[in-house]
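Chemist: the sequence isn't on hand, but the structure is:
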(Lines give C-alpha, C1' and ligand atoms only; values in the text may rest on other atoms or scores of the structure.)
Protein backbone atom coordinates (compact mmCIF):
# COMPACT_ATOMS: atom_id res chain seq x y z
CA UNK A 1 0.00 0.00 0.00
CA UNK A 2 3.03 2.25 -0.17
CA UNK A 3 2.30 3.00 -3.84
CA UNK A 4 1.46 6.68 -4.29
CA UNK A 5 -1.65 6.87 -6.44
CA UNK A 6 -1.44 10.67 -6.64
CA UNK A 7 2.19 11.63 -7.40
CA UNK A 8 2.80 15.33 -7.05
CA UNK A 9 -0.36 15.94 -4.99
CA UNK A 10 -0.18 17.47 -1.52
CA UNK A 11 -1.89 16.00 1.54
CA UNK A 12 -3.39 17.75 4.53
CA UNK A 13 -6.04 17.56 7.23
CA UNK A 14 -8.34 20.55 7.61
CA UNK A 15 -11.17 21.32 10.01
CA UNK A 16 -14.56 21.33 8.35
CA UNK A 17 -17.89 22.14 9.98
CA UNK A 18 -17.58 19.70 12.89
CA UNK A 19 -15.22 17.13 11.39
CA UNK A 20 -11.55 16.88 10.45
CA UNK A 21 -11.30 16.39 6.70
CA UNK A 22 -8.37 14.64 5.04
CA UNK A 23 -7.74 15.71 1.46
CA UNK A 24 -5.31 15.66 -1.41
CA UNK A 25 -4.88 18.52 -3.85
CA UNK A 26 -2.96 19.07 -7.05
CA UNK A 27 -3.12 20.31 -10.60
CA UNK A 28 -3.48 23.73 -12.18
CA UNK A 29 -6.53 25.72 -13.20
CA UNK A 30 -9.99 26.44 -11.79
CA UNK A 31 -10.74 24.61 -8.51
CA UNK A 32 -12.63 21.34 -8.92
CA UNK A 33 -13.86 19.44 -5.84
CA UNK A 34 -14.43 15.71 -6.39
CA UNK A 35 -16.40 13.75 -3.79
CA UNK A 36 -16.23 9.96 -3.50
CA UNK A 37 -18.98 7.52 -2.56
CA UNK A 38 -19.64 4.39 -0.51
CA UNK A 39 -17.73 2.23 0.32
CA UNK A 40 -14.64 4.04 -0.96
CA UNK A 41 -12.48 7.11 -0.34
CA UNK A 42 -10.83 9.82 -2.42
CA UNK A 43 -8.62 7.09 -3.93
CA UNK A 44 -11.44 6.27 -6.36
CA UNK A 45 -10.39 9.30 -8.46
CA UNK A 46 -6.80 8.18 -9.03
CA UNK A 47 -7.33 7.04 -12.64
CA UNK A 48 -8.97 10.28 -13.80
CA UNK A 49 -6.87 12.68 -11.70
CA UNK A 50 -3.81 12.89 -14.01
CA UNK A 51 -5.84 14.04 -17.02
CA UNK A 52 -8.07 16.41 -15.03
CA UNK A 53 -5.13 17.91 -13.13
CA UNK A 54 -3.85 19.31 -16.43
CA UNK A 55 -6.90 21.61 -16.59
CA UNK A 56 -8.11 21.99 -13.01
CA UNK A 57 -6.82 22.34 -9.47
CA UNK A 58 -8.26 19.20 -7.92
CA UNK A 59 -9.39 19.02 -4.31
CA UNK A 60 -10.11 15.43 -3.28
CA UNK A 61 -11.50 15.10 0.25
CA UNK A 62 -12.50 12.05 2.22
CA UNK A 63 -16.07 12.65 3.40
CA UNK A 64 -16.61 12.67 7.15
CA UNK A 65 -16.76 9.09 8.37
CA UNK A 66 -14.78 7.74 5.40
CA UNK A 67 -11.14 7.23 4.48
CA UNK A 68 -8.89 9.20 6.81
CA UNK A 69 -11.39 11.86 7.85
CA UNK A 70 -12.84 11.88 11.36
CA UNK A 71 -15.99 10.09 12.50
CA UNK A 72 -18.18 12.49 14.49
CA UNK A 73 -20.61 11.11 17.04
CA UNK A 74 -24.10 10.68 15.63
CA UNK A 75 -27.30 12.07 17.14
CA UNK A 76 -30.86 10.64 17.12
CA UNK A 77 -31.86 12.83 14.14
CA UNK A 78 -28.79 11.67 12.14
CA UNK A 79 -27.93 15.31 11.37
CA UNK A 80 -24.14 14.83 11.81
CA UNK A 81 -24.19 12.42 8.86
CA UNK A 82 -26.65 14.35 6.73
CA UNK A 83 -25.51 15.46 3.31
CA UNK A 84 -26.16 18.99 4.53
CA UNK A 85 -23.49 18.58 7.23
CA UNK A 86 -21.07 16.95 4.80
CA UNK A 87 -21.65 19.80 2.34
CA UNK A 88 -20.81 22.31 5.04
CA UNK A 89 -17.49 20.50 5.57
CA UNK A 90 -16.67 21.02 1.91
CA UNK A 91 -17.67 24.69 1.90
CA UNK A 92 -15.60 25.37 5.01
CA UNK A 93 -12.54 23.58 3.64
CA UNK A 94 -12.76 25.41 0.32
CA UNK A 95 -13.08 28.76 2.12
CA UNK A 96 -9.89 27.99 4.03
CA UNK A 97 -8.18 27.11 0.76
CA UNK A 98 -9.20 30.51 -0.61
CA UNK A 99 -12.00 29.38 -2.94
CA UNK A 100 -15.41 31.02 -2.62
CA UNK A 101 -16.58 29.38 -5.85
CA UNK A 102 -15.66 26.06 -7.41
CA UNK A 103 -16.62 23.32 -9.82
CA UNK A 104 -18.06 20.23 -8.17
CA UNK A 105 -18.34 16.55 -9.06
CA UNK A 106 -19.62 13.69 -6.93
CA UNK A 107 -20.06 9.95 -7.27
CA UNK A 108 -22.56 7.86 -5.30
CA UNK A 109 -22.86 9.27 -1.74
CA UNK A 110 -20.51 12.06 -2.79
CA UNK A 111 -23.00 12.94 -5.50
CA UNK A 112 -25.66 13.32 -2.83
CA UNK A 113 -23.40 15.65 -0.88
CA UNK A 114 -22.68 17.54 -4.11
CA UNK A 115 -26.27 18.24 -5.10
CA UNK A 116 -27.18 19.14 -1.51
CA UNK A 117 -24.25 21.61 -1.52
CA UNK A 118 -25.50 23.12 -4.79
CA UNK A 119 -28.99 23.52 -3.29
CA UNK A 120 -27.86 24.90 0.08
CA UNK A 121 -24.95 27.03 -1.20
CA UNK A 122 -25.81 28.00 -4.79
CA UNK A 123 -23.36 30.88 -4.69
CA UNK A 124 -20.47 28.43 -4.35
CA UNK A 125 -21.01 26.04 -7.27
CA UNK A 126 -20.40 27.16 -10.85
CA UNK A 127 -21.02 23.75 -12.47
CA UNK A 128 -22.07 20.40 -11.05
CA UNK A 129 -21.54 16.84 -12.26
CA UNK A 130 -23.25 13.82 -10.67
CA UNK A 131 -22.09 10.27 -11.36
CA UNK A 132 -24.48 7.31 -11.30
CA UNK A 133 -27.19 8.51 -8.94
CA UNK A 134 -30.72 9.79 -8.84
CA UNK A 135 -31.92 11.95 -5.97
CA UNK A 136 -32.33 10.42 -2.52
CA UNK A 137 -36.06 11.13 -2.43
CA UNK A 138 -36.58 9.56 -5.85
CA UNK A 139 -34.54 6.50 -4.90
CA UNK A 140 -36.75 5.79 -1.91
CA UNK A 141 -39.89 6.59 -3.88
CA UNK A 142 -39.26 4.07 -6.68
CA UNK A 143 -38.61 1.06 -4.43
CA UNK A 144 -40.40 -2.04 -5.70
CA UNK A 145 -39.31 -5.68 -5.60
CA UNK A 146 -36.71 -5.28 -8.36
CA UNK A 147 -35.33 -2.03 -6.97
CA UNK A 148 -35.22 -3.42 -3.43
CA UNK A 149 -33.15 -6.40 -4.59
CA UNK A 150 -30.81 -4.18 -6.59
CA UNK A 151 -30.26 -1.63 -3.82
CA UNK A 152 -30.94 -3.74 -0.73
CA UNK A 153 -28.09 -1.96 1.09
CA UNK A 154 -30.17 1.21 1.51
CA UNK A 155 -32.67 -0.26 4.02
CA UNK A 156 -30.09 -2.69 5.43
CA UNK A 157 -27.46 -0.09 6.36
CA UNK A 158 -30.18 2.22 7.71
CA UNK A 159 -31.34 -0.33 10.30
CA UNK A 160 -30.87 0.68 13.95
CA UNK A 161 -27.45 0.12 15.51
CA UNK A 162 -25.82 -2.21 16.09
CA UNK A 163 -27.45 -4.68 13.66
CA UNK A 164 -25.71 -3.77 10.37
CA UNK A 165 -22.46 -2.87 12.14
CA UNK A 166 -22.36 -6.28 13.82
CA UNK A 167 -23.11 -8.24 10.67
CA UNK A 168 -20.63 -6.33 8.51
CA UNK A 169 -18.03 -6.31 11.28
CA UNK A 170 -17.93 -10.11 11.26
CA UNK A 171 -16.22 -10.04 7.85
CA UNK A 172 -15.82 -6.44 6.62
CA UNK A 173 -13.40 -7.18 3.76
CA UNK A 174 -15.73 -9.82 2.36
CA UNK A 175 -18.63 -7.36 2.51
CA UNK A 176 -16.57 -4.61 0.86
CA UNK A 177 -15.24 -6.83 -1.92
CA UNK A 178 -18.65 -8.38 -2.61
CA UNK A 179 -20.27 -4.93 -2.74
CA UNK A 180 -17.65 -3.46 -5.06
CA UNK A 181 -17.70 -6.45 -7.43
CA UNK A 182 -21.50 -6.68 -7.53
CA UNK A 183 -21.88 -3.07 -8.73
CA UNK A 184 -19.40 -3.27 -11.61
CA UNK A 185 -20.36 -4.11 -15.16
CA UNK A 186 -18.16 -7.23 -15.12
CA UNK A 187 -19.29 -8.33 -11.61
CA UNK A 188 -15.70 -8.72 -10.40
CA UNK A 189 -12.82 -6.66 -9.00
CA UNK A 190 -10.76 -6.34 -12.19
CA UNK A 191 -11.51 -2.61 -12.55
CA UNK A 192 -9.88 -1.77 -9.23
CA UNK A 193 -6.18 -1.09 -8.78
CA UNK A 194 -4.72 -3.35 -6.08
CA UNK A 195 -3.33 -0.38 -4.16
CA UNK A 196 -6.69 1.42 -4.22
CA UNK A 197 -8.37 -1.80 -3.04
CA UNK A 198 -5.91 -2.03 -0.17
CA UNK A 199 -6.90 1.49 0.94
CA UNK A 200 -10.61 0.71 0.68
CA UNK A 201 -10.21 -2.50 2.69
CA UNK A 202 -8.06 -0.97 5.42
CA UNK A 203 -10.21 2.09 5.97
CA UNK A 204 -13.61 0.43 5.65
CA UNK A 205 -12.77 -2.37 8.09
CA UNK A 206 -12.29 -0.03 11.06
CA UNK A 207 -15.32 -0.42 13.40
CA UNK A 208 -15.84 3.33 13.73
CA UNK A 209 -15.96 3.67 9.92
CA UNK A 210 -18.43 0.83 9.51
CA UNK A 211 -20.61 2.65 12.04
CA UNK A 212 -20.12 5.96 10.21
CA UNK A 213 -21.12 4.41 6.87
CA UNK A 214 -24.29 3.06 8.46
CA UNK A 215 -24.98 6.49 9.93
CA UNK A 216 -24.58 7.94 6.45
CA UNK A 217 -27.37 5.64 5.21
CA UNK A 218 -29.49 6.29 8.30
CA UNK A 219 -29.31 9.96 7.41
CA UNK A 220 -30.31 9.05 3.86
CA UNK A 221 -33.45 7.33 5.12
CA UNK A 222 -34.44 10.23 7.38
CA UNK A 223 -33.10 13.78 7.28
CA UNK A 224 -31.71 13.66 3.72
CA UNK A 225 -34.98 12.37 2.37
CA UNK A 226 -36.90 15.01 4.31
CA UNK A 227 -34.71 17.80 2.95
CA UNK A 228 -35.22 16.58 -0.61
CA UNK A 229 -38.98 16.44 -0.20
CA UNK A 230 -39.05 19.93 1.28
CA UNK A 231 -37.07 21.33 -1.66
CA UNK A 232 -39.32 19.61 -4.19
CA UNK A 233 -42.41 20.98 -2.44
CA UNK A 234 -40.90 24.48 -2.42
CA UNK A 235 -39.82 24.31 -6.05
CA UNK A 236 -36.16 24.78 -5.14
CA UNK A 237 -33.84 23.98 -8.03
CA UNK A 238 -30.16 23.56 -8.79
CA UNK A 239 -29.21 26.88 -10.40
CA UNK A 240 -25.93 25.98 -12.05
CA UNK A 241 -25.47 23.81 -15.16
CA UNK A 242 -25.78 20.11 -14.29
CA UNK A 243 -24.21 17.12 -16.02
CA UNK A 244 -25.39 13.61 -15.11
CA UNK A 245 -23.32 10.57 -16.11
CA UNK A 246 -24.37 7.00 -15.44
CA UNK A 247 -23.13 3.51 -16.20
CA UNK A 248 -25.00 1.49 -18.81
CA UNK A 249 -24.88 -1.35 -16.27
CA UNK A 250 -24.89 0.91 -13.22
CA UNK A 251 -27.50 1.26 -10.50
CA UNK A 252 -29.76 3.99 -11.97
CA UNK A 253 -29.01 2.96 -15.56
CA UNK A 254 -31.08 -0.20 -15.10
CA UNK A 255 -34.12 1.67 -13.85
CA UNK A 256 -37.45 2.12 -15.60
CA UNK A 257 -36.72 5.81 -16.29
CA UNK A 258 -33.61 7.55 -17.57
CA UNK A 259 -31.61 9.36 -14.87
CA UNK A 260 -32.15 12.51 -16.92
CA UNK A 261 -35.90 12.15 -16.42
CA UNK A 262 -35.36 12.04 -12.65
CA UNK A 263 -33.10 15.10 -12.64
CA UNK A 264 -35.22 17.22 -15.00
CA UNK A 265 -37.38 18.46 -12.13
CA UNK A 266 -34.27 19.54 -10.22
CA UNK A 267 -32.49 21.58 -12.88
CA UNK A 268 -33.39 23.49 -16.04
CA UNK A 269 -29.83 23.42 -17.43
CA UNK A 270 -29.36 19.69 -17.62
CA UNK A 271 -27.34 17.39 -19.86
CA UNK A 272 -25.89 13.90 -19.57
CA UNK A 273 -25.32 10.50 -21.05
CA UNK A 274 -24.59 6.86 -20.30
CA UNK A 275 -21.05 5.47 -20.19
CA UNK A 276 -20.09 1.87 -20.86
CA UNK A 277 -19.58 0.07 -17.55
CA UNK A 278 -21.19 -0.31 -14.17
CA UNK A 279 -21.45 1.93 -11.12
CA UNK A 280 -17.78 2.87 -10.69
CA UNK A 281 -17.25 4.97 -13.81
CA UNK A 282 -13.95 6.64 -12.76
CA UNK A 283 -12.37 3.20 -12.34
CA UNK A 284 -14.24 1.16 -14.94
CA UNK A 285 -14.14 3.76 -17.74
CA UNK A 286 -11.58 6.36 -16.63
CA UNK A 287 -10.63 7.79 -20.04
CA UNK A 288 -14.21 8.38 -21.14
CA UNK A 289 -15.23 9.68 -17.71
CA UNK A 290 -12.32 12.13 -17.60
CA UNK A 291 -13.07 13.29 -21.15
CA UNK A 292 -16.74 13.96 -20.42
CA UNK A 293 -15.99 15.69 -17.13
CA UNK A 294 -13.33 17.92 -18.71
CA UNK A 295 -15.54 18.82 -21.67
CA UNK A 296 -18.46 19.85 -19.45
CA UNK A 297 -16.60 21.47 -16.57
CA UNK A 298 -14.10 23.28 -18.77
CA UNK A 299 -16.51 24.28 -21.54
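Modeler: Nice, I can see it. Computed from a predicted structure; not experimentally measured.
Chemist: which element follows the helix or strand in which residue 201 is found toward the C-terminus?
Modeler: Per DSSP states H and E, residue 201 falls inside helix 194-205. Next along the chain after helix 194-205, taking DSSP H and E as the criterion, comes helix 207-221.
Chemist: mind checking how far whichever helix or strand comes after that following helix is from the chain centre?
Modeler: Under the assignment DSSP H and E, the closest C-terminal helix or strand after helix 207-221 is helix 223-234. With CA atoms, centre = their mean, to the nearest Å as the basis, helix 223-234 stands 19 Å off its chain's centre.
Chemist: quick one: contacts of helix 223-234?
Modeler: 77-79, 82-84, 112, 116, 119, 135-138, 140, 265 (CB atoms under 8 Å, 6 or more residues apart in numbering). (C-beta placed from N, C-alpha, C; glycine too.)
Chemist: at 6 Å instead, please
Modeler: Contacting residues not belonging to helix 223-234 are listed as 78-79, 82-83, 119, 135-137, 140 [CB atoms under 6 Å, 6 or more residues apart in numbering].
Chemist: that's a strand at residue 60, yeah?
Modeler: Yes - counting by DSSP: H, G, I helix; E, B strand; the rest coil, residue 60 is found in a strand.
Chemist: which SS class is residue 250?
Modeler: coil.
Chemist: does it touch residue 280 like I think?
Modeler: No - Residue 250 lies out of contact with residue 280 (CB atoms under 6 Å); the separation is 8.3 Å.
Chemist: stretch 112-128 - what's its average pLDDT?
Modeler: Stretch 112-128 carries an average pLDDT of 98.
Chemist: I'd say residue 214 and residue 159 touch.
Modeler: No - Residue 214 lies out of contact with residue 159 (CB under 6 Å); the separation is 7.9 Å.
Chemist: those two - which one has more neighbours?
Modeler: Taking other CB atoms under 10 Å, residue 214 and residue 159 do not tie; residue 214 has more neighbours (24 against 15).
Chemist: what confidence value was assigned to that one?
Modeler: Value listed for residue 214 in the pLDDT field: 98.
Chemist: repeat that for residue 255.
Modeler: At residue 255, pLDDT is 67.
Chemist: over to residue 150?
Modeler: For residue 150, pLDDT reads 88.
Chemist: do residue 59 as well
Modeler: pLDDT, residue 59: 98.
Chemist: ok, now which ones touch it?
Modeler: By CB under 6 Å, 6+ apart, the neighbours of residue 59 are 25, 33.
Chemist: tell me what it is bridged to.
Modeler: residue 25, residue 33 (DSSP bridges).
Chemist: quick one: it and residue 175, what's the gap?
Modeler: Residue 59 sits 29 Å away from residue 175 when distances are taken as CB to CB, to the nearest Å.
Chemist: same check, this time on residue 293
Modeler: 30 Å.
Chemist: how about low-confidence regions in the stretch 1-150 of the chain?
Modeler: 1-3 (pLDDT under 70).
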